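Peer 1: Got a sequence here, can you build the structure:
(one chain, ligands or ions: 2)
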Amino acid sequence: MSLNELYELNDGHQLPKIGLGTFQIRGYQGVDQILTAIQNGYRLLDTSTNYDSEGAVGEAIRRSGIPRSQFYVTTKLPGKYHHFDDALKIIEESLLRLGLDYLDLYLIHWPLPKRDNYVEAWQALIEAQRRGLVRSIGVSNFEKEHLDKIISATGITPAVNQNEIHPYWPQESLVATNQEYGIVTEAWSPLGRGSSELTEPLIVKLAEKYDKNAGQIILRWHIQRGILPVAKATTPQHQRRNLDIFDFTLTETEVSQISDLERKDGRVDDQDPKEYEEFV
Ligand SMILES: NC(=O)C1=CN([C@@H]2O[C@H](COP(=O)(O)OP(=O)(O)OC[C@H]3O[C@@H](n4cnc5c(N)ncnc54)[C@H](OP(=O)(O)O)[C@@H]3O)[C@@H](O)[C@H]2O)C=CC1
Ligand SMILES: O=C(O)C(=O)[C@@H](O)[C@H](O)C(=O)CO
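Peer 2: Ligands and ions are numbered 1, 2, ... in the order given. Coordinates of the predicted model:
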């Protein structure tokens, strides 16, 4: 397996095995940090209208001098735009902010089931794909019941579900559901947002065994579970190391041992998709 291998999506498109998260990477400094990541080899860039980093992502792509066709750009629909016409307009706004004429992947950021407009939002994404604004469409933070509802209402299965996944929150059941439905799972906060997961004795022991660092062990665990981690890294050394995870293999037992680090309160920020309301 190598960095150049791609995940195949259920709509015929592809995605790299790992991406760069851009939550809180913005402004001129953000452009520099994303440009460095691109120079270090990242081609999948994950942003969101909610992050206010779409401008920095687009500028870094332009400054890189690398053809747009080599990038995989993802952005996401905020909850306040879960209505059909609004969603299509904000997708166009994202394209304007990024300075691109299509998106590779567009996700509903959160289902917001209390508001219960996510089926209408999904219908808008289907229309955006039909109009050629986006290549692939997917969801984020959707659980089985939310997936079932949009699939039965429209007959269209998302290509991707981006979920919170890290060693304290491995989400084995949801990952299995995504797999059963032919949906590629992306992991957000794949490193537990740089928390104590990186100093867990098991992770440190495996890092020594494989002559890697803790972040690389965790990212390798995602890859061997068939998951696409979207890891944020502003430090150039972290950026480089996080791509250097394709020259070793954890044993099946080690993969299971890392999953066993699960905690009941393992979420990074207590964001339960059944309850969570976006901050805007
Ligand atoms: N769909 C959704 O609802 C959500 C999506 N996301 C997406 O997921 C992305 C990643 O999640 P995020 O919450 O940012 O957290 P991550 O789990 O990616 O952790 C990022 C932190 O880990 C540090 N780090 C990165 N690599 C290493 C390494 N090799 N060793 C040690 N530390 C390391 C970074 O430091 P440094 O910056 O110094 O390199 C940073 O502090 C977001 O940026 C966003 O794109 C996030 C939350 C929710
Ligand atoms: O970063 C994102 O994509 C989010 O959805 C945010 O909610 C993030 O997880 C967060 O923690 C904001 O405080």
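
Peer 1: partners of Leu6 in the sheet?
Peer 2: With DSSP bridges as the criterion, Leu6 is bridged to Pro16.

Peer 1: Run a quick neighbour tally on it.
Peer 2: Look at Leu6: counted by other Cβ atoms under 10 Å, it has 15 neighbours. (Each C-beta comes from the backbone N, C-alpha and C, glycine too.)

Peer 1: Same question for Glu262.
Peer 2: Residues near Glu262, counting by other Cβ under 10 Å, number 14.

Peer 1: ditto for Glu143
Peer 2: The burial count for Glu143: 18, using other Cβ under 10 Å.

Peer 1: can you pull the pLDDT of it?
Peer 2: pLDDT, Glu143: 98.

Peer 1: got it, and Val280?
Peer 2: 54.

Peer 1: In CSV, list the C-alpha atoms belonging to the host helix or strand of Leu147.
Peer 2: Assigned by DSSP states H and E, Leu147 falls within helix 144-154. Extracted in CSV, the C-alpha atoms of helix 144-154 (Å, rounded to 0.1, in the frame of the first residue of the first chain):
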residue,chain,number,x,y,z
LYS,A,144,-27.4,4.6,10.9
GLU,A,145,-30.9,6.0,11.3
HIS,A,146,-29.9,9.2,9.5
LEU,A,147,-28.3,7.3,6.6
ASP,A,148,-31.4,5.1,6.3
LYS,A,149,-33.7,8.1,6.2
ILE,A,150,-31.9,9.9,3.3
ILE,A,151,-31.3,6.7,1.3
SER,A,152,-34.9,5.5,1.6
ALA,A,153,-36.2,9.0,0.7
THR,A,154,-34.0,9.5,-2.4
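
Peer 1: Tell me which residues of that helix come out buried.
Peer 2: 146-147, 149-150 (16 or more other Cβ atoms under 10 Å).

Peer 1: Over to stretch 127-137?
Peer 2: Neighbour-count burial for stretch 127-137, counted by 16+ other Cβ under 10 Å, picks out 127-129, 133-137.

Peer 1: So which bits of the stretch 151-280 of the chain are right by ligand 2?
Peer 2: Listed as neighbours of ligand 2 in the stretch 151-280 of the chain under the rule Cβ under 6 Å from any ligand atom: 269, 271.

Peer 1: Can you lay out the buried residues of helix 144-154 as JSON lines showing pLDDT and distance to ligand 1?
Peer 2: Below are the buried residues of helix 144-154 laid out as JSON lines (pLDDT from 0 to 100; distance: Cβ to the nearest ligand atom, whole Å):
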{"residue": "His146", "pLDDT": "98", "distance to ligand 1": "13"}
{"residue": "Leu147", "pLDDT": "98", "distance to ligand 1": "15"}
{"residue": "Lys149", "pLDDT": "98", "distance to ligand 1": "19"}
{"residue": "Ile150", "pLDDT": "98", "distance to ligand 1": "16"}
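
Peer 1: Against Ala187, how distant is the residue in the stretch 101-250 of the chain that ligand 1 sits nearest to?
Peer 2: Closest to ligand 1 within the stretch 101-250 of the chain is Gly215: 2.5 Å, counting by Cβ to the nearest ligand atom. From Gly215 over to Ala187 the distance is 13 Å, taken as Cβ to Cβ, to the nearest Å.

Peer 1: cool, Ala233 as well?
Peer 2: From Ala233 across to Ala187, the span is 14 Å (Cβ to Cβ).

Peer 1: Which one's more surrounded, those two?
Peer 2: Taking neighbours as other Cβ under 10 Å, Ala233 and Ala187 compare with Ala187 leading, 29 against 23.

Peer 1: Dig out what the more buried one forms beta bridges with.
Peer 2: Bridge pairing for Ala187 - DSSP bridges - gives Asn163, Pro229.

Peer 1: List the contacts of it.
Peer 2: 162-166, 222, 227-230 (Cβ atoms under 8 Å, 6 or more residues apart in numbering).

Peer 1: can we see that at 7 Å?
Peer 2: By Cβ atoms under 7 Å, 6 or more residues apart in numbering, the residues touching Ala187 are 163, 165-166, 222, 227-230.
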